[in-house]
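Visitor: Attaching a predicted model along with its sequence, questions to come.
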Amino acid sequence: MTARLALVSAFQSRQAALGLPVFSDHSPVAPKSQPEWVSRLRGKIQQTFPKWTHLRDQYRWERRWLNAEFNPFWKTDQPQKEIVGAVESGWFPTNQRVIDLGCGSGEMCRWLADQGFAALGLDYSAAAIARAYRLSAGCPNPPTFEVVDLCRKDLRLEPAFSLLDRGCFHRIVKNLRPTFARNIAQATVDGGHFLLMTGTFQDPRVVNHRAIPSEQRLREHVEEIFGNHFIIERAQTTFLNAREGQKSMPALAFWMVRKCKVTTSG
Ligand SMILES: C[S@@+](CC[C@H](N)C(=O)[O-])C[C@H]1O[C@@H](n2cnc3c(N)ncnc32)[C@H](O)[C@@H]1O
């Protein structure tokens, strides 16, 4: 509770210092869709105030993860089939560390740890990481977790061979995505593997889903953002797993291989 109040107060002071309105929380339940002009305005705000939008998003995630009732459709113990495939085919070799980017409460990390991996989960929500540690207590091969903002400019992570992102990249403010990609690239060894699973948001449960670019545009966007650092081996339409009885979210999965660092600018 103290951590939560400290975060809220830090956020509010920052907003006041910037002369910007203080956002209140929003419900963990997917909100209803809004008219197109609202979506355009939101896009403009995000573009004009990327850092502020980033802070607001972090604040919202913290609020969600502090809420014991937070149970969105994508929060499931069932591993995403692409992750299972990466493990079974050896694309994620068991003898290599794996990093889960934006791990939330750590379901994928626990599953990977059960398969014998040394798994590290990263998330910028301290409440998510605390929850991930709580839920991992008693695991025979417990994963480790760290509070890390993947959009931090000066971020330096111990590089790993295998990285995955299920639902984090698609939440990153557009202007900060190149920084996010640079950080992921820095955290991947040469020739290492990065599995990205990103929602297309073509779903009526999502605000402004009608304003979301097409699947083709999303493929191009991922190439633009990650192409300097990674070769995209393949991309495939998929669905983000959902809890039983819940509708899953259409998504794209990208299998990427880290380019040799000496040949890239990043
Ligand atoms: C949709 S959830 C997915 C959680 C988890 N990957 C899963 O599949 O269950 C997105 C997660 O990304 C985290 N996140 C968003 N932006 C982040 C950032 N810049 N740095 C670290 N974590 C971030 C959020 O806190 C949230 O836990």
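Guide: The structure has been received and is ready for your questions.

Visitor: the helices in the stretch 51-200 of the chain, which residues?
Guide: Per DSSP state H, counting those that start in this stretch, the stretch 51-200 of the chain carries helices over the ranges 81-88, 107-114, 126-136, 177-186.

Visitor: Pick the most deeply packed of the ones you listed.
Guide: Across those, the average number of neighbours (mean count of other CB atoms under 10 Å) peaks for helix 107-114, which reaches a mean of 22. All C-beta spots, glycine's among them, are computed from the backbone N, C-alpha and C.

Visitor: So which elements touch it?
Guide: If you count contacts as 3 or more CB pairs under 8 Å, 6 or more residues apart in numbering; DSSP states H and E, helix 107-114 packs onto helix 81-88, strand 98-101, strand 119-123, helix 126-136.

Visitor: what's the third one packed up against?
Guide: Using 3+ CB pairs under 8 Å, 6+ apart as the contact test, the elements touching strand 119-123 are strand 98-101, helix 107-114, helix 126-136, strand 144-147.

Visitor: Now tabulate the ones you listed in JSON lines and tack on distance to residue 65.
Guide: Formatted as JSON lines, the helices and strands packed on strand 119-123 follow (distance: least, CB to CB, whole Å):
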{"stretch": "strand 98-101", "distance to residue 65": "15"}
{"stretch": "helix 107-114", "distance to residue 65": "13"}
{"stretch": "helix 126-136", "distance to residue 65": "4"}
{"stretch": "strand 144-147", "distance to residue 65": "11"}
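
Visitor: Switch the ones you listed over to TSV, and while doing so, append mean pLDDT and distance to the ligand to every line.
Guide: Formatted as TSV, the helices and strands packed on strand 119-123 follow (pLDDT from 0 to 100; distance: least, CB to the nearest ligand atom, whole Å):
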stretch	mean pLDDT	distance to the ligand
strand 98-101	98	6
helix 107-114	97	5
helix 126-136	98	5
strand 144-147	98	8
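
Visitor: ok, back up a step: turn the helices of the stretch 51-200 of the chain into TSV, columns for distance to residue 42.
Guide: Output for the helices of the stretch 51-200 of the chain, formatted as TSV (distance: least, CB to CB, whole Å):
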stretch	distance to residue 42
helix 81-88	30
helix 107-114	29
helix 126-136	24
helix 177-186	17
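
Visitor: any chance of the helices and strands packed on helix 107-114 in JSON lines, with distance to residue 149 too?
Guide: Output for the helices and strands packed on helix 107-114, formatted as JSON lines (distance: least, CB to CB, whole Å):
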{"stretch": "helix 81-88", "distance to residue 149": "24"}
{"stretch": "strand 98-101", "distance to residue 149": "11"}
{"stretch": "strand 119-123", "distance to residue 149": "9"}
{"stretch": "helix 126-136", "distance to residue 149": "11"}
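
Visitor: Relative to residue 255, tell me which of these wins on proximity.
Guide: Residue 255 sits nearest to helix 81-88 of all those, at 7.8 Å, using CB to CB.

Visitor: what helices or strands is that closest one leaning on?
Guide: Applying 3+ CB pairs under 8 Å, 6+ apart, one finds that helix 81-88 contacts helix 107-114, strand 160-166, strand 188-199, strand 230-240.
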